[in-house]
Structures are given as C-alpha cells and as structure tokens.
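Student: next comes the sequence, and after it the predicted model I'd like to discuss.
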Amino acid sequence: MKLVREYIEFERGKSPQSSMGIGIKAQIEKYLGEEHDQSINNIGVLEDILEDSNLDRETREKWTKYILSQGYDFDENEYYELRQQGIDVLDNIPELDKEYNGIKLRKRGDTYTIKFDWLDFSTFFGDNDHQAFFQDVLSGDGWKYFEDNSYKTYSREEIESFIVDNDIDEEPLIEKFEEYGGKDVEEMWEQIYDKDIEDFEDIRNALQVAAANTTASAEEGESWKGLKKSIENWYDLGEPKYLEKEDIYEARISKQGAERIMDFYYNAEEPIKHTEPEYYMADWDPATFQTELENQLENI
C-alpha cells in the first residue's frame, strides 16, 4: 500500500495545487479510487475515510471537513464516527435543510431555526415506556391519563364558592333543582347538599363529576405546559411563532439544541430531560367547569 503522504505532500513554498497539479477533491478521489474502489460522491465514503487507519488524524479531519462542506448526506454510522472523533459537524456544513422525525432544522450561517408541531417532539423524550403518554398529551388527547386522578370529593363550599366567584351561570342548576322538586331557590344549596334529601343525589353527583372533570382537564393542561417547558429549555428555543398558513410553529434554536436534535435522531443520545410531577397545581378553568356542569346536568 502506498504511503498516504504521497497524496498530500507538496514542495516547500508551493501550494498543493501547483506542486501536485491537483486540489483536495482530486486528492481524495485518487486515494479513494485506489484504496477503497470508491468515489467522493458515493454513499458511505465518509465512513471509509473516518475508519481508515492508514490516514493520519490530520488528513482524515481535513478530508472529512471538505466532504461535509460539499453538502454530503451522512448516515447514522458516519455521524457517530464524526462525533466520536471530535469533528464538529454543524461548523463544517455551510447550509442545512433537513427533517428529523418531523422537525425541520435549518441552518444559514450561524443561525439555526426549526419548524415543528409540538407533537413532533414526542419521540425525542427517549422513554419508550411512556411514549404514548408524551404523544397523547402533546397532541391534546391526554385526558385518559388524568381522569383517574380526580378521585377527590369536593365539598359544597369549594364548588359553590367557585361558581359564585367566577360568575358561573347557575340557571341550568336552578332548572334541574326545580325539575327535581326544589321549591325555594334561596335554599337550593342547602337542600342539594342535605344528604337526608335523596331526591337531589343525582344533582350532587353531577356537581362532583363536573368538578372532577374540570380538575382532570386542568391537570392535563399543566402536564402539557410542563412538557412544552422541558422542550424549550432542553433545546434552548427562542419564542415560538405560529405560522398560520403552514399550520406550524417556528423558533430560533441554539447550536447546542440543533446538535441535540441530531444526536438523538442518529444515535438516540441526548433525549429531552423531563420529570412529570407527582401532584399538579392546577386551577379550575371557569369555562370548562361551566361546560362540564351543563353536560352532567343534561345527562341526569
């Protein structure tokens, strides 16, 4: 095997091109053709260079950076080798427009942006046991994970004060109270919560379920916000902007954030760090409670 230096040496004081009559692309092409029966444009060529023990580190790095600068589409094995050998991938790619599990990463100069739907990040948490949870919550379909958390019994005082303080329309409740035989509206709450009056048990249950469902909805919302915050922090995202025409979000992302997306996509490394809280500090939403109350009253 010829010494590698035959391909890269040049006379002192002269450029490689004038000394050898060839540029770096031709150097690489000549070496690859003779030693690997490869061409610089072929798939897998970067891996051949990175793993070639006959090339010294300086040459491997120089040739690799040149190939990257030409827009070479590396695969996961090549990306792994690049990272293992300490070669900065993004610094050597002039431009990038590539999709990673739905996330569209773009590089122009030193500026990185992504276009995404929050659901796209569900695969980047790296926790296969809870993959469905991340996917459902980020898609707004995580109700089933929280409805069982609403086992608490809500007191008359909690429900009544919430209704009064938030100007909840009591008319549907009054109508149902009167339908069930209630006479004195001013005594409505006293009678509904008088457990000796069995006639109003269905109404009591409707109020309980409305409160429980409102809690579940609030906890689902808190979980969604927590996941979103973890995503923003992990990838160092700027303020996301919603692009209505494309029905997608766009945000600036740091170089480290871009590398983390690529690291996970190619090698399942650097998953999003997130811990779901044991308890949620979630406030009831008046509009949700109003809807839930009306629905439950209609069902009895």
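Tutor: Cool, the structure landed.

Student: now for Asn295: which residues touch it?
Tutor: By CB atoms under 8 Å, 6 or more residues apart in numbering, the contact set of Asn295 is Ala210. In this view, the C-beta of every residue, glycine as well, is placed from N, C-alpha and C.

Student: let's go with 10 Å and repeat that
Tutor: 172, 206, 209-210, 213 (CB atoms under 10 Å, 6 or more residues apart in numbering).

Student: so Ala212 sits against Thr153, correct?
Tutor: Yes: assessed by CB atoms under 10 Å, Ala212 is found in contact with Thr153 at 9.1 Å.

Student: so which of those two has more stuff around it?
Tutor: Ala212 (21 against 8; other CB atoms under 10 Å).

Student: next one, pLDDT for Gly182 please.
Tutor: pLDDT for Gly182: 93.

Student: pretty sure it sits in a helix.
Tutor: No: counting by DSSP: H, G, I helix; E, B strand; the rest coil, Gly182 is not found in a helix; it is coil.

Student: okay, now the spatially closest residue to Lys65 that is not a sequence neighbour: neighbour count?
Tutor: With sequence-adjacent residues excluded and distances taken as CB to CB, 6 or more residues apart in numbering, Lys65 is closest to Asn92, at 4.6 Å. Neighbour count of Asn92, defined by other CB under 10 Å: 16.

Student: the longest helix in this structure is where?
Tutor: Longest helix of the chain, by residue count under DSSP state H: helix 201-235.

Student: how far does that helix sit from its chain's centre?
Tutor: 20 Å (CA atoms, centre = their mean, to the nearest Å).

Student: before we move on, what about stretch 92-107?
Tutor: From the chain centre to the centre of stretch 92-107 is a distance of 16 Å (CA atoms, centre = their mean).

Student: quick check: buried residues in it?
Tutor: 92-93, 100, 103, 105-107 (16 or more other CB atoms under 10 Å).
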